[in-house]
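Enquirer: The sequence isn't on hand, but the structure is:
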């Protein structure tokens, strides 16, 4: 056998990270230890849905799944859910003319013909107030929270 000279590699120093050993590729990167909060992720959306129905209804996937469930269960409950979503859309509207139009649509679609004793029933005082506000005669000013009491 011949003798090899390794003298040309003797002065080599490496300050960088070593290459991964087979099986270690899935370990966290060295930079991950600098940010310990990165390793802690928030719970999945469905876990938050279980804590509060508002989280469920504010999440687009959760709302869609819940709506499908309610469709299978009972049409009356679906009507209540659609009323809730309509009211949420009303609260986001900033254009006063469009807001009045939406209040009128919500009133006609969900409340106008609701029978007495129904959760969607509107007492006479509220009916008069909504009609006066929709006439836009200046005596009653309707705001996006006009249906909040009924949403509870």
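Expert: Looks like it came in fine. Remember, it's a predicted structure, so these values are computed and weren't measured experimentally.
Enquirer: moving C-terminal of the lowest-mean-pLDDT helix or strand in the chain, what's the next helix or strand?
Expert: In the chain, no helix or strand scores lower on mean pLDDT, DSSP states H and E than helix 36-39, which sits at a mean of 53. Once helix 36-39 ends, the next helix or strand along the chain (criterion: DSSP states H and E) is helix 45-51.
Enquirer: Any stretches of the protein with poor pLDDT?
Expert: 1-16, 18-21, 23-40 (pLDDT under 70).
Enquirer: the domain parsing of it - what is it?
Expert: The chain breaks down into these domains under automatic domain parsing: 44-73, 82-151.
Enquirer: Switch the ones you listed over to CSV, and while doing so, append mean neighbour count and distance to residue 17 to every line.
Expert: The C-beta positions use only the backbone N, C-alpha and C, and glycine is treated the same way. Shown next, in CSV, are the domains of the chain (neighbours: other C-beta atoms under 10 Å; distance: least, C-beta to C-beta, whole Å):
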stretch, mean neighbour count, distance to residue 17
domain 44-73, 13, 32
domain 82-151, 14, 49
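Enquirer: Need these in CSV (columns: distance to residue 22).
Expert: Listed next are the domains of the chain as CSV, based on distance: least, C-beta to C-beta, whole Å:
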stretch, distance to residue 22
domain 44-73, 32
domain 82-151, 53
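Enquirer: Residue 83 contacts residue 106, correct?
Expert: Yes: between residue 83 and residue 106 there is a contact under C-beta atoms under 8 Å: 7.1 Å.
Enquirer: Name the residues contacting each of these two.
Expert: Between them, residue 83 and residue 106 share these contacting residues under C-beta atoms under 8 Å, 6 or more residues apart in numbering: residue 147.
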